[in-house]
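Novice: my questions concern the predicted model and sequence given below.
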Amino acid sequence: MSPGVPLAVSDPTLPAGPPLAEALREKTVRFAHLLRNHGFSVGLRETEDSLRVAEVFLCFDFDCFHVGLRTLFCLSRDQFERFDGLFDRYWRPRDASERISPQRALEPHGEPRRGEALLQTLGWAEEPTEAGETEATAGASGLDALRKVDFSHVPAEWAQELEALAARLYRRMRVRRPRRLRGPDFRRRLHLRRMLRRSLATGGEPLEIILQGRRRRRPRLVVLLDVSGSMEAYSYFFLRFLHALQHRFRKVHTFLFSTRLEDVTEALAARDVDAALAKLARRPMGWNAGTRIGDCMRWLVRGHGDRVFRADTVFVILSDGLDVGEPAQLAAALREVRARSRRIVWLNPLLGIEGYAPLAQGMAAALPWLDVFAPAHNLESLLELEGHVLI
Amino acid sequence: MTRFDSLEQLEQGFRDCGYVADRALLTPLFLMTRLGRPLLLEGHAGVGKTETAKVLAQLLDTELIRLQCYEGLDAASTLFEWNYQKQLLAIRLHEGPGKSRGETPEDLERHIFSADFLLERPLLKSISARDAPPVLLIDEVDRADEEFEAFLLELLSEFQITIPEIGTIRAVHRPLVILTSNRVRELSDALKRRCLYHWIDYPTFERELEIVRGRVPEITERLAHQVVRVVQALRTLQLEKPPGVAETLDWAIALLALGHGALDADVLDSTKGAVLKTTADFKLLRAQLGSVLEAAEAN
């Protein structure tokens, strides 16, 4: 355990071989710059390491050199293809026209990042700029706009791009547990009373350590999604969102409703989102025909309540609150849910519309029972969910 | 052996251990031992991510320390814990009649907070190895929380751990770190940048055939061909859980155990549980049975 002993593994000495020719060093460094200009995250350290990769491999195996650099510069599989293309054009161009140099790369290039093409069509992305650094910023602001577009105003031909972005963001969504992991947890104190009691069994010897305070865990969710006609524009995106949620919480029970209530938890459990949605589509349901929020919520509590509600359950309802049922019924149902769950979160896509006030009868009746009333009309508002559900 | 002189040597070593790996995987492994950087392996379930670490440890004749990640993984189960019960016993012994040989309380404290009373968990164990750099396998790192990831990042750059009662323990030999991920959750760019990255794809037909031959030597050539063809065909379907190499091997062994010399519709149906793992996939297979069997006979 004494410091200062040389680290055997990172020892950079090399097997016998000629030192890398200056020209090759330069060419390798240029290649690193080229990658940086094409949006790869290449820092000083990567560049240095690429030289070492070159020293290790270049003299005897070109394919290994290729794989070695790829392993160094790529952060995910999605980048492999782009890397391979650049590598080939730079290191083994078939003819002069294909040859690529770092200078060329500084020109606006023909391979926009995924999503970027769409953004340019939409006029959100700034024109491609000269240097790599600013290009990244342009991309960021463009994506920012896509995050803010209202789901009901996404033309069909753009939907796919938005889906791809959403899928990526959902996977990154942080559902953070409040307890931090640093060293061992010295701050929690002993639960003396319980330890004493337990120690009686071992002859007064407190053999078991019991600490105060409980570990907080991710909450359980019960989600109720409105799929009635007025929500049609949003349902599709919400379903995909709900699918993404399945694996981020301890347990997510998902129900769809319009005039009837449908438990779709099992269908959404399929790993592939398209498979899950296809499964859903095959089920005969009375969708798109009016809304009876109050009734559906009561059926939920009566029919599934014992199964799905626990003390730490967060109840999330995604609906525009346009209800054909009695407002009083909705209020009564919410009171029942309230008694069984930790928190009620109502996400309403209409809240994203400027000037909207929750005056619809149903919505007005529901308001007093809600802990959180928040918009849900675009990606950004959905990604806020974390803040609403962590207790 | 603590390092490999050449890629060929590494390749030969893997082959001798019965692990058929292509250059695309061996190159990052070789680089890992050279650059001293951790290696992040991603890929579908059952393509041999974990196995890679095991074989590497075997080849280097060093210890494999494995940390299986899960949600809520905490410091006590990754770094160290004091053996509280043993400490308690030591105190009682000290207090016993006629036992205190003039030891002061300070001596006792030093005694019960010494290495004898420390329970080493995987991460501490990996940096306190004295003889040779161990292989540290951090399995399914995407299942752990973001906090753990941040903590890991710190460890992977410093290779030291501070224990308040003892002091800072620095790695004598930097462990060879292999992280695996199934992409349940996106890992942070910071962690990825610290690592070399490789995506293990499903093997090609020839490669997979070679793996089956290597691991199940008793299998007939005909059956091996059929099994691999069918599995490769299955992977092109939209299955919920596409079979990995592990499933291919399981299936081959199952077929041998049952004494089947060749595949047909009945055999496939009765042994499908070795390859497919959900009822939805069973259904899909039933619908596509014809084309799958056709693939088995193709040349």
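Specialist: Nice, thanks for sending it over.

Novice: so which residues of chain B form strands?
Specialist: Along chain B, the stretches classed as strands by DSSP state E are B:39-43, B:64-68, B:80-82, B:118-120, B:135-139, B:160-163, B:167-170, B:176-181, B:196-200.

Novice: possible to save these as CSV with mean neighbour count?
Specialist: To be clear about C-beta, it is placed using only N, CA and C from the backbone, and glycine gets the same treatment. Listed next are the strands of chain B as CSV, based on neighbours: other CB atoms under 10 Å in any protein chain shown:
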stretch, mean neighbour count
strand B:39-43, 23
strand B:64-68, 19
strand B:80-82, 19
strand B:118-120, 16
strand B:135-139, 24
strand B:160-163, 16
strand B:167-170, 14
strand B:176-181, 26
strand B:196-200, 24
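
Novice: let's have the ones you listed in CSV, adding distance to chain A.
Specialist: Shown next, in CSV, are the strands of chain B (distance: least, CB to the nearest CB, whole Å):
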stretch, distance to chain A
strand B:39-43, 7
strand B:64-68, 13
strand B:80-82, 7
strand B:118-120, 11
strand B:135-139, 10
strand B:160-163, 7
strand B:167-170, 5
strand B:176-181, 6
strand B:196-200, 4
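
Novice: check these for me: which has the lowest mean pLDDT.
Specialist: With a mean of 83, strand B:160-163 has the lowest mean pLDDT of the strands of chain B.

Novice: mind giving me the packing neighbours of that one?
Specialist: Contacts defined by 3 or more CB pairs under 8 Å, 6 or more residues apart in numbering or on different chains; DSSP states H and E place strand B:160-163 against helix B:122-127, strand B:167-170.

Novice: give the pairing partners of it; include direction for each.
Specialist: Strand pairing for strand B:160-163, determined by DSSP bridges: strand B:167-170 (antiparallel).

Novice: which helix or strand in the chain has the lowest average pLDDT?
Specialist: This is for chain A. None of the helices or strands of chain A scores lower by mean pLDDT, DSSP states H and E than helix A:116-122, at a mean of 35.

Novice: please go with chain B instead
Specialist: helix B:75-78 (a mean of 78).

Novice: helices or strands up against that one?
Specialist: Short answer (3+ CB pairs under 8 Å, 6+ apart): helix B:75-78 packs on no helix or strand.

Novice: pretty sure B:Ile211 contacts B:Pro203?
Specialist: Yes - counting by CB atoms under 8 Å, B:Ile211 touches B:Pro203, with 6.5 Å between them.

Novice: which neighbours do these two share?
Specialist: B:Val20, B:Val245 (CB atoms under 8 Å, 6 or more residues apart in numbering or on different chains).

Novice: show the pLDDT at the residue in chain B that chain A sits nearest to.
Specialist: For chain B, the residue closest to chain A is B:Gly36, as judged by CB to the nearest CB, at 2.8 Å. pLDDT for B:Gly36: 85.

Novice: correct me, but it touches B:Arg174?
Specialist: Yes - with contact defined as CB under 8 Å, B:Gly36 reaches B:Arg174; the gap is 6.0 Å.

Novice: quick one: which of those two has more around it?
Specialist: B:Arg174 (22 against 19; other CB atoms under 10 Å in any protein chain shown).

Novice: spit out the contact partners of residue 265.
Specialist: In the absence of a named chain, this looks at chain A. A:Val252, A:His253, A:Thr254, A:Phe255.

Novice: ah, no, chain B please
Specialist: B:Leu289, B:Leu293.

Novice: and the gap between it and B:Phe282?
Specialist: 14 Å (CB to CB, to the nearest Å).

Novice: what's the answer for A:Thr259, then?
Specialist: Relative to B:Phe282, and taking CB to CB, A:Thr259 is found at 35 Å.

Novice: hmm, A:Lys251 is touching A:Arg220, no?
Specialist: Yes - counting by CB under 8 Å, A:Lys251 does reach A:Arg220; the two are 4.5 Å apart.

Novice: pick out whichever of those two has more residues nearby.
Specialist: A:Arg220 (21 against 14).

Novice: quick one: low-confidence parts of the stretch 151-300 of chain A?
Specialist: Regions of the stretch 151-300 of chain A meeting the criterion pLDDT under 70 cover residues A:155-159, A:171-188, A:213-218, A:284-290.

Novice: mind listing the helices for it?
Specialist: Along the stretch 151-300 of chain A, the stretches classed as helices by DSSP state H, counting those that start in this stretch are A:156-172, A:192-199, A:232-245, A:265-268, A:273-281, A:293-299.

Novice: most packed of these?
Specialist: helix A:293-299 (a mean of 23; mean count of other CB atoms under 10 Å in any protein chain shown).

Novice: who's in contact with that helix?
Specialist: By CB under 8 Å, 6+ apart, helix A:293-299 touches A:224, A:226, A:255, A:257-261, A:317, A:319, A:321, A:323, A:325-327, A:329-334, A:336-337, A:362, A:366.

Novice: please state the offset of that helix from the chain centre?
Specialist: Here the centre of helix A:293-299 is set off from its chain's centre by 31 Å, with CA atoms, centre = their mean, to the nearest Å.

Novice: and if you look at stretch B:259-277?
Specialist: The answer for stretch B:259-277 is 29 Å, by CA atoms, centre = their mean.

Novice: what's the span of it from first residue to last?
Specialist: 22 Å (CA to CA, to the nearest Å).

Novice: please identify the buried residues of it?
Specialist: B:His260, B:Leu263, B:Val267, B:Leu268, B:Thr271, B:Lys272, B:Ala274, B:Val275, B:Leu276, B:Lys277 (16 or more other CB atoms under 10 Å in any protein chain shown).

Novice: again, but for stretch A:207-226
Specialist: Neighbour counts over stretch A:207-226 (16+ other CB under 10 Å) mark A:Arg218, A:Pro219, A:Arg220, A:Leu221, A:Val222, A:Val223, A:Leu224, A:Leu225, A:Asp226 as buried.

Novice: what's the answer for stretch B:283-296, then?
Specialist: Those would be B:Leu284, B:Leu285, B:Gln288, B:Val292, B:Leu293, B:Ala295, B:Ala296, for stretch B:283-296 by 16+ other CB under 10 Å.

Novice: so which of these belong to helices?
Specialist: B:Leu284, B:Leu285, B:Gln288, B:Val292, B:Leu293, B:Ala295, B:Ala296 (DSSP state H).

Novice: how about these in a markdown table, adding pLDDT and distance to A:Arg310?
Specialist: Converted to a markdown table, these look like this (pLDDT from 0 to 100; distance: CB to CB, whole Å):
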| residue | pLDDT | distance to A:Arg310 |
| --- | --- | --- |
| B:Leu284 | 88 | 35 |
| B:Leu285 | 90 | 38 |
| B:Gln288 | 88 | 41 |
| B:Val292 | 85 | 44 |
| B:Leu293 | 85 | 48 |
| B:Ala295 | 81 | 48 |
| B:Ala296 | 78 | 49 |
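
Novice: residue 230 - how many residues pack around it?
Specialist: I went with chain A, as the question did not name one. Neighbours of A:Ser230 using other CB under 10 Å come to 17.

Novice: right idea, wrong chain: chain B
Specialist: B:Val230: 23 neighbours (other CB under 10 Å).
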